[in-house]
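S.K.: Show me how the following folds:
(chains A and B)
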Amino acid sequence: MAKKRPQRVRDPLHNIIEFGSSEFEQTLWNVIQTRPFQRLRRVRQLGFSELVYPGATHTRFAHSIGVFHTARRLMKIINDAGGGVTHKQDVALAAALVHDVGHGMFSHAFEEVGSELKLKMAKHEHVSDILIRNGEIREAFKAELGSGFADDVAELISRRGPVDLYDAVVSSQFDADRLDYMQRDRLMTGVQNSGIDFTWLIDNLELGEVPVGSDDEQSGSVPTFVLGPKAFHAAETYVLSLFHLYPTVYFHKATRGAEKLFSTIILRMFRLVRDGLIAKTGVPANHPIVLFALDPENIERATALDDAVFWGSLPLLANAEDPLINRFADRLWNRRLLKCLDVYQHIAAHLGAKRGSSPDAVRDSKNRIERATVSVKEAIEDWLSTDRSDPPRLLIDSAVREPYKLFDESKGALNQISIRRKGSGIFDMAELSPVVAALEPFRLLRIYYSEDDKDALKFALKVIEENENKESDHVC
Amino acid sequence: MSVKREREKVAEIVRDAGGQIVGRTRLQKIAYLLELTGQGEGFDFEYRHYGPYSESLTDAVRVASAFGLIEEEEHVAKWGGHYSIYIAKGGGDTRPQSARAAFAKAAAQIGAVELELAATAAYLFEVERCSDPWDETSKRKPDKIGGGHLEKAKEAYRQLSSLDTPRPLPKIA
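M.R.: Numbers count the residues shown, from 1 in each chain, chains lettered A, B, ... in the order given. Sure thing, here's the model as predicted:
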C-alpha cells in the first residue's frame, strides 16, 4: 500500500505543523476531518474578546492543532529521557488534539449559564467525553488504533488532573494547552506584555520526582517535569505572564460586559422556552437554541450550538417581543455595551493600606476590602431581587483569579512548577521566587448599567460609599 | 427570616466538626459527604484532582476568614506540602451533639488521604455511575492508594456509613 503523504497546516504561531505519514499521525489528521472537530472552527478561542482586540478572532480549531504540536515537543523530552511508552504517549498526544471538542458557544460564558441552569451539556468536559467515546471521532481512532483507543483518550481527559508524566503533557501548570494559548492569545490580541521565553523553557525542561500527599499526609512521589536552574527567571516570567493575561485580556471589562449580556439573553431564552413562550424569543421554534432549551440532555442539540449560530441569531433576537432579549441583543449586535462601574477598584482605592503600613495593617486592609466587596454585592443582589425592572437595571460580575500558589486544593503536585536548584534538590517555584510567592489573587466585582439610568448608578455608588465608610470606621 | 450566607454555612461546618478542621482536602470532603448524606449546605461539587471539589466552598472559606468567622492557619507538612488549619471563631459547637455534628466530627478524624479516597469513590458511584468506584478511584489516584490507604479508606467509609444520617451513604463498602 502506498505510504500516505504528510499533511501540513500553516499556523500563525508555530508556522508549519506537520502530520507525518505514520499511521498514528494520519489517524489524527482523519480526526481533524470529523464534524465535531470541524465545529471548532466556529468556536472562537476568546469568545467576545474581539470586541476589544479586533485581531482576536482565532478559533479553538487552530488552538487545538497548536496544542497537539506543542505536546509533541514536550513528549520528545520524555522520549529523550528514555521514557517512551508508545501507547500512553499516543493517547496523550491524541488527547492534546481533541481536549477542547466539547466547548460550547462562547466557552466559559455558556458554562456559566449551564452552571446556573444545571445543564450537563454546557460542561465542556462532559461533552468532550461523549464526543470522543462515540460517533465520528471514535470511529476515526478505531480505524487504525483499535476499539479501546478512544476510551483511553477520554479517560485521560476526564481524570481532571495528571497522574503521570504523559497526563502532565495534557494537563498541568506547564501543559501543552497553556503553552499554546498563552502565546496564541498574546499574538492574536496584540498585547505586548505576557511574552514567554518558550524555546528556553522547553530547552531546560527535565524529568524529576516530587512528593505527593493530601493535607498533612504524604502518600508517595510522582515523576514530573522539572525546570533546570538556568530557566528560573524564564519560569518566573511565565508565571507572571499568565497572571497578567487575566486583567489584560480574559477579564477585560468590555469582554466580560459582553459575556454578561450574552448569558443574560440565554437565561431569558431558556425561561421563555420552558414557559412555552417561544414566540417571545424572536427566533423560530426550530432554532438551535430553542431546540437545545427543549431537550438540554441531547448531545446533537448541544453541539448544534456555536458562536456563529449565536451571532447569526442576533438580528432576530434584536426584534424579539421580550424587552430584555431585544435590548441586549441590539447592544451586542452594534457593540453598544453597558457602562461599567468597577466596584472592587473603587473600594480598594478607598480602603487599601496606606504607604508605609505594617504587615498587620496590610492584612487588616485586605480583610476590610473583602468584607466591603462582599457586602456591596449582597446589597445590590437584594435590591435586584425586589426591583421588578425588565431588563434588570444592574448586572453584577464577580470573579477571582488565584495566582500561582504553593498549593491548590483543586489541583495536584503535577500542577506545580518545580525547579531544580543546583546542589540542593527540587523546589516549588513559589519557594524560590519571592515575586511569585507575593502574588495576590486578581479580584473583580463590577456592575454594568445603562448609560440612560443614572439613578441605578447613583444607587450603586451610595451602597459602595456606605460600605466603605462602615469599614473605614473599623480601621485600627 | 434572614438567609444564611455561604460564609456562615462554611463556619457551621467547621463548628460541627469540633471547631477545627485540618486541611483543605478534609474540609472539602467533609462538606461533600454532608451533602451526600442529606446534611449539607447546598454547595455544588464537581470532580477535580483531589476528588469532589466545590469552588463556591473555597470562595466561602476566603470570605468567612475576612469576616472573622473562621481563622485559617497555614502550615508546612513534614513531607514538604502546604496545608491549612481552619478554626471556628468561638471553638466547637456547645449545643447537644446533632447527627450532623457527630458525622462531621467522625469524618474530621479520618486521615486526609483516606477521606479523599472515600469521598472520591462515593462521588464516582453517585455522580459518574461507576459500577466499581473503588477500582476507578485506584486508577485515578495511583499515587494515593499504596501503603494500605485504599483498605483504610474502605474501613473509614464503613464507619461513616454506620452513623445516623438523614440519607444513607451509597452502599459501596
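S.K.: who are the neighbours in contact with the most centrally placed residue in chain B?
M.R.: Centroid check for chain B by Cα atoms, centre = their mean gives B:Ile30 as the closest residue, at 1.8 Å. Counting by Cβ atoms under 8 Å, 6 or more residues apart in numbering or on different chains, B:Ile30 touches B:13, B:17, B:21, B:104, B:107-108, B:115. From N, CA and C alone the C-beta is placed, and that goes for glycine too.
S.K.: how close does it sit to B:Ala17?
M.R.: Per Cβ to Cβ, to the nearest Å, B:Ile30 is found 6 Å from B:Ala17.
S.K.: shared neighbours of those two, anything?
M.R.: By Cβ under 8 Å, 6+ apart, the residues touching both B:Ile30 and B:Ala17 are B:104, B:107-108.
S.K.: Tell me which of those residues fall in helices.
M.R.: B:104, B:107-108 (DSSP state H).
S.K.: Let me know the closest of those to chain A.
M.R.: Distance to chain A, by Cβ to the nearest Cβ, is smallest for B:Ala108 among these, at 11.2 Å.
S.K.: which non-adjacent residue is nearest that closest one?
M.R.: B:Ala17 (4.2 Å; Cβ to Cβ, 6 or more residues apart in numbering or on different chains).
S.K.: residues contacting that neighbour?
M.R.: Here B:Ala17 is in contact with B:30, B:92, B:101, B:104-105, B:107-108 (criterion: Cβ under 8 Å, 6+ apart).
S.K.: For the stretch 1-150 of chain A, which residues are neighbours of chain B?
M.R.: A:Ser115 (Cβ under 8 Å from any Cβ of the partner chain).
S.K.: can you give me the strands for the stretch 1-150 of chain A?
M.R.: Counting by DSSP state E, counting those that start in this stretch, the stretch 1-150 of chain A has strands at residues A:7-11, A:15-19.
S.K.: Which positions in the first one come out as buried?
M.R.: Taking 16 or more other Cβ atoms under 10 Å in any protein chain shown as the neighbour-count basis, strand A:7-11 is seen to contain the buried residues A:7, A:9, A:11.
S.K.: Name the strands paired with that strand and say parallel or antiparallel.
M.R.: Paired neighbours of strand A:7-11 in the sheet (DSSP bridges): strand A:15-19 (antiparallel).
S.K.: Quick one: residues in contact with the partner strand.
M.R.: When contacts are defined by Cβ under 8 Å, 6+ apart, strand A:15-19 is touched by residues A:6-11, A:25-26, A:28-29, A:65-66, A:68-69.
S.K.: A:Asp167 sits in which helix or strand?
M.R.: helix A:165-170 (DSSP states H and E).
S.K.: Name the surrounding residues that touch that helix.
M.R.: Contacts for helix A:165-170 (Cβ under 8 Å, 6+ apart): A:71, A:74-75, A:78, A:83, A:85, A:88-89, A:91-93, A:95-96, A:99, A:156-157, A:159, A:161-162, A:174-177, A:207, A:223-225, A:414.
S.K.: cool, and stretch B:151-170?
M.R.: So stretch B:151-170 is contacted by B:33, B:36-39, B:99, B:102-103, B:106-107, B:110-111, B:113-118, B:121-122, B:125-126, B:134, B:171-173 (Cβ under 8 Å, 6+ apart).
S.K.: can you do 7 Å?
M.R.: The contact list for stretch B:151-170, computed with Cβ atoms under 7 Å, 6 or more residues apart in numbering or on different chains, reads B:33, B:36-39, B:99, B:102-103, B:106-107, B:110-111, B:114-115, B:117-118, B:122, B:125-126, B:134, B:173.
S.K.: Near chain A, list only the ones from these.
M.R.: B:Gly111 (Cβ under 7 Å from any Cβ of the partner chain).
S.K.: Any of the contacts of stretch B:151-170 buried? List them.
M.R.: B:33, B:36-37, B:39, B:103, B:106-107, B:110-111, B:114-115, B:117-118, B:122, B:125-126, B:134, B:173.
S.K.: Keep only those of those residues that are in helices.
M.R.: B:33, B:36, B:103, B:106-107, B:114-115, B:117-118, B:122, B:125-126, B:134.
S.K.: Turn those into CSV, columns for pLDDT.
M.R.: Converted to CSV, these look like this (pLDDT from 0 to 100):
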residue, pLDDT
B:Leu33, 98
B:Leu36, 98
B:Phe103, 97
B:Ala106, 97
B:Ala107, 98
B:Glu114, 97
B:Leu115, 97
B:Leu117, 97
B:Ala118, 98
B:Ala122, 98
B:Phe125, 97
B:Glu126, 97
B:Trp134, 97
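S.K.: out of these, what pair is the most spread apart?
M.R.: Pairwise distances across these (Cβ to Cβ) peak at 21.2 Å, for the pair B:Phe103 and B:Trp134.
S.K.: Tell me who's in contact with A:Ala430.
M.R.: Applying Cβ under 7 Å, 6+ apart, the residues near A:Ala430 are A:404-406, A:436-437.
S.K.: do the same with A:Ala285
M.R.: Counted by Cβ under 7 Å, 6+ apart, A:Ala285 has contacts A:Ile278.
S.K.: quick check, it in a helix?
M.R.: No: applying DSSP: H, G, I helix; E, B strand; the rest coil, one finds A:Ala285 to be coil, outside a helix.
S.K.: For it, grab phi and psi.
M.R.: When quoted as degrees, to the nearest 10, the phi and psi of A:Ala285 stand at phi -70, psi -20.
S.K.: Does the residue in the stretch 51-200 of chain A positioned nearest to chain B lie in a helix or a strand, and which?
M.R.: For the stretch 51-200 of chain A, the residue closest to chain B is A:Gly161, as judged by Cβ to the nearest Cβ, at 2.8 Å. For A:Gly161, there is no helix or strand it lies in under DSSP H and E.
S.K.: The nearest residue to it once chain neighbours are set aside - how many residues pack around it?
M.R.: Nearest residue to A:Gly161 in three dimensions, chain neighbours excluded: B:His49, at 2.8 Å (Cβ to Cβ, 6+ apart). Using other Cβ atoms under 10 Å in any protein chain shown, B:His49 has 22 neighbouring residues.
S.K.: And for A:Leu445?
M.R.: Neighbour count for A:Leu445, taken as other Cβ under 10 Å: 23.
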